[in-house]
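Enquirer: here is my input, please return the structure:
(4 chains)
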4 protein chains.
Amino acid sequence: MHSQHFYTLTASCPDQVGIIAKVSGFIAQHGGWILESSYHADALTGRYFMRIEIKADSLPFLLAEFRERFGSAVAEPLQMTWRITDSAVKKRVVILVSKQEHCLYDLLARWQAKEMDIEIPCVISNHDTFRGFVEWHGIPFHHVPVKADRKEAAYAEIQRIFDEVRGDCMVLARYMQILPPALCEANPGRIINIHHSFLPSFAGAKPYHQAYARGVKLIGATCHYVTSELDAGPIIEQDVIRIDHSDNPEDMVRYGKDIEKTVLARGLRYHLEDRVLVHGNKTVVFR
Amino acid sequence: MHSQHFYTLTASCPDQVGIIAKVSGFIAQHGGWILESSYHADALTGRYFMRIEIKADSLPFLLAEFRERFGSAVAEPLQMTWRITDSAVKKRVVILVSKQEHCLYDLLARWQAKEMDIEIPCVISNHDTFRGFVEWHGIPFHHVPVKADRKEAAYAEIQRIFDEVRGDCMVLARYMQILPPALCEANPGRIINIHHSFLPSFAGAKPYHQAYARGVKLIGATCHYVTSELDAGPIIEQDVIRIDHSDNPEDMVRYGKDIEKTVLARGLRYHLEDRVLVHGNKTVVFR
Amino acid sequence: MHSQHFYTLTASCPDQVGIIAKVSGFIAQHGGWILESSYHADALTGRYFMRIEIKADSLPFLLAEFRERFGSAVAEPLQMTWRITDSAVKKRVVILVSKQEHCLYDLLARWQAKEMDIEIPCVISNHDTFRGFVEWHGIPFHHVPVKADRKEAAYAEIQRIFDEVRGDCMVLARYMQILPPALCEANPGRIINIHHSFLPSFAGAKPYHQAYARGVKLIGATCHYVTSELDAGPIIEQDVIRIDHSDNPEDMVRYGKDIEKTVLARGLRYHLEDRVLVHGNKTVVFR
Amino acid sequence: MHSQHFYTLTASCPDQVGIIAKVSGFIAQHGGWILESSYHADALTGRYFMRIEIKADSLPFLLAEFRERFGSAVAEPLQMTWRITDSAVKKRVVILVSKQEHCLYDLLARWQAKEMDIEIPCVISNHDTFRGFVEWHGIPFHHVPVKADRKEAAYAEIQRIFDEVRGDCMVLARYMQILPPALCEANPGRIINIHHSFLPSFAGAKPYHQAYARGVKLIGATCHYVTSELDAGPIIEQDVIRIDHSDNPEDMVRYGKDIEKTVLARGLRYHLEDRVLVHGNKTVVFR
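Expert: Sure, this is the predicted structure:
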């Protein structure tokens, strides 16, 4: 990590001879200084992935012109799926929360410390619990109740707010509602969830109780992109913590919070720094 | 851990007031010196568990008399399930192996170093691959092929050898055969397996390939007692190791070996030191 | 963990035959129900340690009477150092902080969620930075500047506030000042610090820069009791996190925060639950 | 990892615009297929590091010609320190051992399983303990006693054997002797040691006893290149394992073995796969 102004190019394309040469050749030809670069060839599918950070002021043109030139000279011939982002443009992260505070406090502490250099245009919750806490930070708070008989309207309202504030991603920071497939599909790769188990074990409700019943010796948390299939989207990050026979489900809930917030923060950071490339139902994460 | 001669008492009983007082009172009354003791009350089932190490020469009688006196004075009134073992009597561990060497080498190195103070009366394998290696250590080797058309006879032969050498436990050190239910049921709590996944995820065949397909970020291993239900017995120990998108199933197999052998050795040690009490389909492990 | 009303007895004494019998016998004789108990014999020093949780309403008398009876009947004959606390009496934790928010946010989130069942009578800081945040939680905030020429007065003021609010322990939640020996010695076993290295490596200033210079592959954090010798007090808890060559000191600072807050919270919890017994310059931690 | 025939290019040079373009351009121009590539810019020293795997049969010439062409066209203009190795040429690893078996068994199991695709031309020991075990594997064993009064001759003999078998690296697999500075300096970056502590804590003798005395809650192991300064060479890999107050130094020795062998194997693998570039007294490890 560094504090310079830079562009981040991420791309994938069918593997062939000379990809790095073409991409880095284009950059070098315009004087571009590469700060960090990562490459991955997926041998089984023959697909190639990359992520390159270029010092912004080393290039003789702005991002719009880069996009145009790189697109025609490199990306099109290589049949690339690609994007380039600007470190000076902060990502806009909308946080969804219910009644548990650990992930919300954790994310706001990181935002406050500028450890995560993002904008939080608003927090949305199905409860009014954290209004005061959120507003004290100067962040707008929206209470959108999700009643059984008007769920559709509630999720339409969430999408409306997200669009209105021009959100880049939605973070489900222990948001205890299951998003409807339509909402998931309308925002592919933009909704990040933290599930309180080491998936694929214990998907669905009450994972710590499931873990207790099975007698596992470690419990975990999983940060993943939300898709229309519950707890089955591409995994970004996971971690575990040791427990033993003396821990009941309530203890697990308590221990679990510590990895939930850490795993969510790590996964979200990878996403925000454009380190995650989705590949089918899996991810390439250039840490 | 210590190198003294001691007895290990393990017991469980319905929870009530005064259990520790009765047990430790009995021991103290006879001058017994407690080296280590652990207790666990399972609040949900109301069952109480304990493990106590007593210095052998602090007691005025031998184990047979301890059994008789403790049985009538303490264990019966408390409706205990209990046993007491003698650290001077080495456990007899029969190792079953196929063609992978990592767990076998690891166990023999620990045996050689007296890190595990056990007897290995023999090694049994469905292949002849490791005969020379095992015999070089002075340990008898039995080649018991498991052909599709005579599996029953093969498993009868394994049970016969196990009985003949008076084995205390069987260790499936990456033994690539599924034991028949009858064999499992005939040796409850005496067969220990190492499964190459973080159960309950990826039970059954080719767990690393399953893990690769799902895109998990950690892979694991699970040491458990074998029951007639495949990969579903009480878990003794588990651990995980981090992988990433660049690791294919073959890499996972390689990394996995490192946790398989460590987790097996830890779980086996807990078992051999009478630190594991089975409780339904779960374990209490007094580490 | 459980939510019952209980007393916690912690004690240490010279090891001898019958300690558990005498202690548990006393408890059982009065109908005391033991919820959890842990014992440790330190073979090298011949000292015995224990921690016992007793259900409050199972005893026929209150804590004052317990203290009197247990003292004369058990503790004195065994030459015990001991104490007993009441789970219904919340510990009073005074937090000291400077300008970094991660530990403060983390502790307040746990307090807010009642995950740590404590009172926070006040927060003290050498900067005014977090006044608003702390006061929003309804917690008094004291700004006590520590100027080079009036340090003595500042620390006297801190002690005065701590006494006035009847604090049970002081938590240095990344408080960036070195407490004077007099303050440390006046509060033995009551001041808890989080040091941002895996002690004894990298004691003193800028541990992450020291770690970077040495090229270690893991960085750590240490929660310890403060003594008059800098970063040398009894260690309560430690943990580490993996880094690599691409991480500069600023990255380490960022990663480090995640273990600092987790390790501090774990260590503090052990302390608050009377799970930590100091033994010379080391600790027995009955987790 | 993959099983193809490939070349591994490792290089470092002063950082400037266009390094990747020049290197990958040269490779692409000759049809070279890049299997894996990693880059690192050290911002503080302005030095650039890289490691590139090229499919052997994608190039129109052999390694000798690659060396000549790449040297004049790319490496010299960029002032590179560089080398290229051939995956078909197995590295020759000489193992030095004393009386502890865990690392030796572990390395031979990996060699046996072809998990480490190396040649072991011989094992050298200051004791005759493992002669039979090593020779059973078909590997020559040299007993070179290190007596106080003829150490110089002993180390000269070790160097002679190493040269005679054309060793690529020496692995001190818990070799309990301190190599003289002359031997270290004669083989820079070619001698790998496993130290049984988390360096820089507890360098020198009896690190587990030092750890016990300090009361740390984790113990570790460090794999590093040997230099003339004891336990102070560039660190390749480290890891830790949790202990608690009930573990005495003998327990730590036992637990420690599990991380020692794992950390040594990982560090050695990185070295053998040319993933380690030494940078002053630190390493860049392209895992």
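
Enquirer: run a quick neighbour tally on A:Arg287.
Expert: A:Arg287 has 14 neighbours, counted by other CB atoms under 10 Å in any protein chain shown. For the C-beta atoms, the positions are set from N, CA and C on the backbone; glycine is no exception.

Enquirer: look at A:Ser37 and give its secondary structure.
Expert: strand (DSSP: H, G, I helix; E, B strand; the rest coil).

Enquirer: pull the contacting residues for it.
Expert: Each residue near A:Ser37 by CB atoms under 8 Å, 6 or more residues apart in numbering or on different chains is listed here: A:Ser24, A:Met50, A:Arg51, A:Ile52, A:Glu53, D:Ile20, D:Tyr39.

Enquirer: kindly report the same for A:Asn126.
Expert: When contacts are counted by CB under 8 Å, 6+ apart, A:Asn126 is found next to A:Ser98, A:His143, A:Val144, A:Pro145, A:Val146, A:Ala154, A:Tyr175, A:Met176, A:Gln177.

Enquirer: which residues touch the closest residue to A:Pro207 other than its chain neighbours?
Expert: Nearest residue to A:Pro207, sequence neighbours excluded (CB to CB, 6 or more residues apart in numbering or on different chains): A:Ser197, at 3.5 Å. By CB under 8 Å, 6+ apart, the contact set of A:Ser197 is A:Ala203, A:Pro207, A:Tyr208, A:Gln210, A:Ala211, A:Ile219, A:Gly220, A:Ala221, A:Thr222.

Enquirer: the helix or strand harbouring the last one pairs with which strands, parallel or anti?
Expert: So the one you mean is A:Thr222. Under the criterion of DSSP states H and E, A:Thr222 resides in strand A:218-225. Paired neighbours of strand A:218-225 in the sheet (DSSP bridges): strand A:191-195 (antiparallel), strand A:235-242 (antiparallel).

Enquirer: quick check: phi and psi on A:Asp231?
Expert: phi 60, psi 30 (degrees, to the nearest 10).

Enquirer: how near is it to A:Asp117?
Expert: Spatial separation of A:Asp231 from A:Asp117 under the definition CB to CB, to the nearest Å is 30 Å.

Enquirer: more neighbours: which of these two?
Expert: Remark: of A:Asp231 and A:Asp117, A:Asp231 carries more neighbours, 18 against 14, as counted by other CB under 10 Å.

Enquirer: and the nearest residue to that one once chain neighbours are set aside, what does it touch?
Expert: Counting by CB to CB, 6+ apart, A:Ala203 is the residue found nearest to A:Asp231 once chain neighbours are left out, at 3.9 Å. By CB under 8 Å, 6+ apart, the contact set of A:Ala203 is A:His195, A:Ser197, A:Leu230, A:Asp231, A:Ala232.

Enquirer: where's A:Ala203 relative to chain D, distance?
Expert: 29 Å (CB to the nearest CB, to the nearest Å).

Enquirer: so where do the helices sit in the stretch 151-287 of chain A?
Expert: Applying DSSP state H, counting those that start in this stretch to the stretch 151-287 of chain A gives helices spanning A:151-164, A:181-186, A:207-214, A:249-272.

Enquirer: identify, out of these, the most deeply packed stretch.
Expert: Of the helices of the stretch 151-287 of chain A, the one with the most neighbours on average (mean count of other CB atoms under 10 Å in any protein chain shown) is helix A:249-272, at a mean of 22.

Enquirer: tell me which other helices or strands it touches.
Expert: Applying 3 or more CB pairs under 8 Å, 6 or more residues apart in numbering or on different chains; DSSP states H and E, one finds that helix A:249-272 contacts helix A:102-112, strand A:169-172, strand A:191-195, helix A:207-214, strand A:218-225, strand A:235-242, helix C:249-272.

Enquirer: which of those sits closest to A:Leu63?
Expert: Closest to A:Leu63 of those, according to CB to CB: strand A:169-172, at 20.2 Å.

Enquirer: could you check how far that closest one is from the centre of its chain?
Expert: Chain-centre distance of strand A:169-172: 7 Å, with CA atoms, centre = their mean, to the nearest Å.

Enquirer: can you list the strands that it pairs with?
Expert: Strand pairing for strand A:169-172, using DSSP bridges, gives strand A:93-97 (parallel), strand A:191-195 (parallel).

Enquirer: count the residues that sit near A:Lys147.
Expert: Residue crowding around A:Lys147 was assessed by other CB under 10 Å; the count is 9.

Enquirer: ok, the closest residue to chain B within the stretch 101-250 of chain A - how many residues close by?
Expert: Residue nearest to chain B within the stretch 101-250 of chain A: A:Gly215 (3.2 Å; CB to the nearest CB). Neighbour count of A:Gly215, defined by other CB under 10 Å: 21.

Enquirer: roughly how far does the residue lying closest to A:Ala182 once chain neighbours are set aside sit from B:His142?
Expert: Nearest residue to A:Ala182 in three dimensions, chain neighbours excluded: A:Tyr155, at 7.6 Å (CB to CB, 6+ apart). Using CB to CB, we find A:Tyr155 at a distance of 64 Å from B:His142.

Enquirer: state the mean pLDDT of stretch A:83-98.
Expert: Mean pLDDT, stretch A:83-98: 97.

Enquirer: do the same with stretch A:251-258
Expert: Mean predicted confidence for stretch A:251-258 is 95.

Enquirer: one more: stretch A:126-134?
Expert: 97.

Enquirer: mind listing what's buried in it?
Expert: For stretch A:126-134, a neighbour-count test (16 or more other CB atoms under 10 Å in any protein chain shown) marks A:Asn126, A:Thr129, A:Phe130, A:Phe133, A:Val134 as buried.

Enquirer: check which helix or strand the last one maps to.
Expert: This points to A:Val134. Judged by DSSP H and E, A:Val134 forms part of helix A:131-136.

Enquirer: near chain C at all, that helix?
Expert: Yes - contact of helix A:131-136 with chain C (CB under 8 Å from any CB of the partner chain) involves A:Gly132, A:Phe133, A:Trp136.

Enquirer: which one of those residues sits closest to B:Asp251?
Expert: Of all those, A:Phe133 has the smallest distance to B:Asp251: 44.7 Å, by CB to CB.

Enquirer: where in the stretch 1-150 of chain A is pLDDT low?
Expert: Applying pLDDT under 70 to the stretch 1-150 of chain A flags residues A:1-2.

Enquirer: do that again at 90, thanks
Expert: Across the stretch 1-150 of chain A, the ranges flagged by pLDDT under 90 are A:1-4, A:43, A:117.

Enquirer: tell me the contacts of the residue nearest to A:Gln159 when sequence neighbours are not counted?
Expert: Counting by CB to CB, 6+ apart, A:Gln159 lies nearest to A:Leu183, which is 6.2 Å off, once chain neighbours are set aside. With contacts defined as CB under 8 Å, 6+ apart, the neighbours of A:Leu183 are A:Tyr155, A:Ile158, A:Gln159, A:Ile191.

Enquirer: coming back round to it: would you reformat the contacts of A:Ser197 as CSV and include pLDDT?
Expert: Shown next, in CSV, are the contacts of A:Ser197 (pLDDT from 0 to 100):
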residue, pLDDT
A:Ala203, 91
A:Pro207, 95
A:Tyr208, 94
A:Gln210, 94
A:Ala211, 95
A:Ile219, 97
A:Gly220, 97
A:Ala221, 97
A:Thr222, 98
